[in-house]
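Participant: pasting the structure only:
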């Protein structure tokens, strides 16, 4: 009996190990539902490299797996907030992205981000912002402020949603009060807490999935992300996205080469590949977020290339900022405020 | 004063039916919208736009869903077969012998995956397998299959052991008395009687493997997304009823398998 199991087991192992690594492969480890299938198809056709995509659902999961090693991935797509951790822990190699031929297509403002100075480590993937969505048929005043959420005008009270994301919500409150995200100023943090607790009774919900609720006009305002605001406007033409003038946070995801990658050349080819306007346009057309490549708008669906939610209007660019993950002490205070807010 | 000698029954406790109904409601109600919206003709999961099977078609035609589903089933079949074989041996070893020292600790060890929080096992396996992966360079399915096998064993073991304990030893003793070799009395007497328990155990193990998320998410290597980890990856972006459709199919498979287990284990030998 035992022998039989052994035989079965070993033949199975043999069958599976048949799927060996051939030349010209690439293993991409990316957020789920974030990689355009057309982009991958085009890449495979042009280069003959076979791409395998594996999903993750949070920066933490991705970090944990890559830290442990032996994962078998070549490329990963961490967020800017976590990228410095990947660099400082030596998890990623330096492929000199800034010297790749297609780096010339990267827009000026994306060539030297704080979280990857000189842009040697990471090739741009997609980015977005945290702002406010407003149904302008309900309220037609100034929407470029977090006051929409924190000191809501009469018309909006009881019709407001707030994305249940601790960092985005508390950081937005700090920015609104004139501070910086992740500020260690206890006084200011206390003020932010008071402001949030005071505003909460005027909200209707703290939820994801707002697009259909704006379409059905159940909500008139929300603290949310630009991509969703864009999709909501396509369903309800009165929806506008506000870029808070007090300052708002930006996020970006970028492709990095893992230190223990086994397909280094293929990985570099891919990093270079996604920096052409056409390919970056394909990428955005699928996930519906902006990229950092000049001229990629030409390759996006028309409704997207001109959308003010995707292409940040010139006047609002200055207020957007990238914030790293907060220090552990500030994280603790954030968590305490968050708990109180959710009560 | 109640004088009747009716035996105590929980069914007659005040509020029993209400509590039971509330529990069933809380357990099953959330599934109703999931299933209903899988038939939505529209693009979203909260706004009804008419009846349609388009999301089932979309899921069926999605290559990623297909390959993840096939992967899930293959892993579940192999893991449940191996786990059930091992569980049968353990069950025989813990019931068809004279009691021996350490028998209870064997129960505890076999049932360990039921006690240890899944995330703990997942992180432990992540670190342990990473060492092996680095040392050997092998990234195949053996990791996922052995992890799934390990946590499926107790689920296969419990019904098999329950069946063995309920089986009359007299038949086996009679076979031995009639000069059947141990192997022969096992294959001709014990095994046929045990079969419903083994099948129930195997199916339970199959469902448990098919549904696993946490351990799989941490153990999988490149290109090894199963259906549940694929679905988890979809949640960051706007969810379409395609996810409802996949969930409904998964739910249907689980219900069918559990129903079969019920009938198998109810049948008296």
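Facilitator: Yep, it's here. Keep in mind that this is a model prediction, so the values were computed, not measured. Residues are numbered from 1 along each chain as shown, chains lettered A, B, ... in the order given.

Participant: Now do the closest residue to chain B within the stretch 151-300 of chain A, the pLDDT please.
Facilitator: The stretch 151-300 of chain A approaches chain B most closely through residue A:212 (4.6 Å), counting by CB to the nearest CB. In this view, the C-beta of every residue, glycine as well, is placed from N, C-alpha and C. pLDDT recorded at residue A:212 is 79.

Participant: so where's chain A uncertain?
Facilitator: Scanning chain A for pLDDT under 70 picks out the ranges A:1-23.

Participant: Please, where are all the helices along it?
Facilitator: A:2-17, A:37-47, A:59-68, A:83-88, A:147-150, A:166-176, A:186-199, A:211-215, A:226-235, A:264-273, A:277-287, A:302-305, A:314-317, A:328-342 (DSSP state H).

Participant: And the stretch 1-150 of chain B, by the same measure?
Facilitator: Secondary structure of the stretch 1-150 of chain B (DSSP state H, counting those that start in this stretch): helices at B:16-28, B:31-37, B:54-61, B:63-95, B:103-110, B:112-115, B:118-136, B:142-166.

Participant: Any buried residues in the third one, and which?
Facilitator: Applying a neighbour-count criterion of 16 or more other CB atoms under 10 Å in any protein chain shown, the buried positions in helix B:54-61 are B:55, B:56, B:59.

Participant: ok, back up a step: out of the helices of the stretch 1-150 of chain B, flag the one nearest residue A:41.
Facilitator: For residue A:41, the closest of the helices of the stretch 1-150 of chain B is helix B:63-95, at 10.7 Å, according to CB to CB.

Participant: for the closest one, what is the average pLDDT?
Facilitator: Per-residue scores along helix B:63-95 average to 91.

Participant: Give me the longest strand you can find in chain A.
Facilitator: If you go by DSSP state E, chain A has its longest strand at strand A:122-135.

Participant: and it, what other elements does it pack with?
Facilitator: Counting contacts by 3 or more CB pairs under 8 Å, 6 or more residues apart in numbering or on different chains; DSSP states H and E, strand A:122-135 is packed against helix A:147-150, helix A:166-176, strand A:221-225, helix A:226-235, strand A:239-242, strand A:248-257, helix A:277-287.

Participant: So what's the gap between it and the chain middle?
Facilitator: Offset of strand A:122-135 from its chain centre (CA atoms, centre = their mean, to the nearest Å): 7 Å.

Participant: Same question for stretch A:120-131.
Facilitator: 7 Å.

Participant: for stretch B:196-209, same thing?
Facilitator: Taking CA atoms, centre = their mean, one finds the center of stretch B:196-209 at 6 Å from the center of the full chain.

Participant: do the same with stretch B:210-226
Facilitator: 15 Å.

Participant: where does residue B:218 land on pLDDT?
Facilitator: At residue B:218, pLDDT is 91.

Participant: Now residue B:66: closest residue in space that isn't a chain neighbour?
Facilitator: Closest residue to residue B:66 apart from its sequence neighbours, by CB to CB, 6 or more residues apart in numbering or on different chains: residue B:60 at 7.4 Å.

Participant: so how far is chain A from the one you found?
Facilitator: As judged by CB to the nearest CB, to the nearest Å, residue B:60 and chain A stand 16 Å apart.

Participant: Repeat that for residue B:50.
Facilitator: Residue B:50 is 15 Å from chain A, by CB to the nearest CB.

Participant: you'd agree that residue is up against residue B:241?
Facilitator: No. Between residue B:50 and residue B:241 there is no contact under CB atoms under 8 Å: 11.8 Å.

Participant: So those two - more neighbours on which side?
Facilitator: When residue B:50 and residue B:241 are compared for neighbours, residue B:241 comes out ahead with 28 against 8, by other CB atoms under 10 Å in any protein chain shown.

Participant: show me the contacts for the more buried one.
Facilitator: Taking CB atoms under 8 Å, 6 or more residues apart in numbering or on different chains, we find residue B:241 in contact with B:37, B:38, B:39, B:40, B:42, B:43, B:44, B:45, B:55.

Participant: What about the closest residue to chain A within chain B, how many residues nearby?
Facilitator: Per CB to the nearest CB, residue B:233 is where chain B lies closest to chain A, at 1.9 Å. By the measure other CB under 10 Å, the count of residues near residue B:233 is 23.

Participant: residues contacting it?
Facilitator: A:31, A:32, A:33, A:55, A:56, A:57, B:225.

Participant: Return the residues of the stretch 51-200 of chain B in contact with chain A.
Facilitator: B:78, B:81-82, B:85-86, B:89, B:123, B:126-127, B:129-134, B:138-142, B:145 (CB under 8 Å from any CB of the partner chain).

Participant: same thing but at 7 Å, please
Facilitator: Those residues of the stretch 51-200 of chain B that sit near chain A, judged by CB under 7 Å from any CB of the partner chain, are B:78, B:82, B:85, B:126-127, B:129-130, B:133-134, B:139-142.

Participant: Report the two of those separated the most.
Facilitator: Largest separation among these by CB to CB: B:85 and B:134, giving 30.4 Å.

Participant: Please identify which of the two sits among more neighbours.
Facilitator: residue B:85 (21 against 13).

Participant: Closest residue of the stretch 1-150 of chain A to chain B?
Facilitator: As assessed by CB to the nearest CB, chain B sits closest to residue A:32 within the stretch 1-150 of chain A, at 1.9 Å.

Participant: And the residue lying closest to that residue once chain neighbours are set aside, how close does it get to residue B:153?
Facilitator: Leaving aside its sequence neighbours, residue A:32 sits nearest to residue B:233 (CB to CB, 6+ apart; 1.9 Å). Taking CB to CB, to the nearest Å as the measure, residue B:233 falls 28 Å from residue B:153.

Participant: try residue A:181
Facilitator: 48 Å.

Participant: same deal with residue B:123?
Facilitator: 20 Å.

Participant: Tell me which of those two has more neighbours.
Facilitator: It is residue B:153, of residue B:123 and residue B:153, that has more neighbours when counted by other CB under 10 Å, with 26 against 16.

Participant: Run through the residues that contact that one.
Facilitator: Applying CB atoms under 7 Å, 6 or more residues apart in numbering or on different chains, we find residue B:153 in contact with B:83, B:86, B:87, B:110.

Participant: thinking again about what came up before, make JSON lines out of the contacts of residue B:241 and add pLDDT.
Facilitator: As requested, the contacts of residue B:241 are exported to JSON lines (pLDDT from 0 to 100):
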{"residue": "B:37", "pLDDT": "86"}
{"residue": "B:38", "pLDDT": "87"}
{"residue": "B:39", "pLDDT": "89"}
{"residue": "B:40", "pLDDT": "85"}
{"residue": "B:42", "pLDDT": "78"}
{"residue": "B:43", "pLDDT": "74"}
{"residue": "B:44", "pLDDT": "70"}
{"residue": "B:45", "pLDDT": "69"}
{"residue": "B:55", "pLDDT": "87"}
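
Participant: which outside residues touch stretch A:307-314?
Facilitator: A:226, A:229, A:230, A:233, A:241, A:243, A:290, A:304, A:320.

Participant: Report the buried residues of it.
Facilitator: In stretch A:307-314, counting by 16+ other CB under 10 Å, buried: A:307, A:309, A:310, A:312.

Participant: count of neighbours near residue B:220?
Facilitator: By the criterion of other CB under 10 Å, residue B:220 has 26 neighbours.

Participant: My guess is residue A:143 contacts residue A:132. True?
Facilitator: Yes. Under the criterion of CB atoms under 7 Å, residue A:143 makes contact with residue A:132 at 6.2 Å.

Participant: so what's the residue lying closest to residue A:262 once chain neighbours are set aside up against?
Facilitator: Distances taken as CB to CB, 6+ apart put residue A:74 closest to residue A:262, at 6.7 Å, once the chain neighbours are dropped. In this structure, residue A:74 makes contact with A:26, A:27, A:258, A:261, A:262, A:263, A:266, A:267, judged by CB under 7 Å, 6+ apart.
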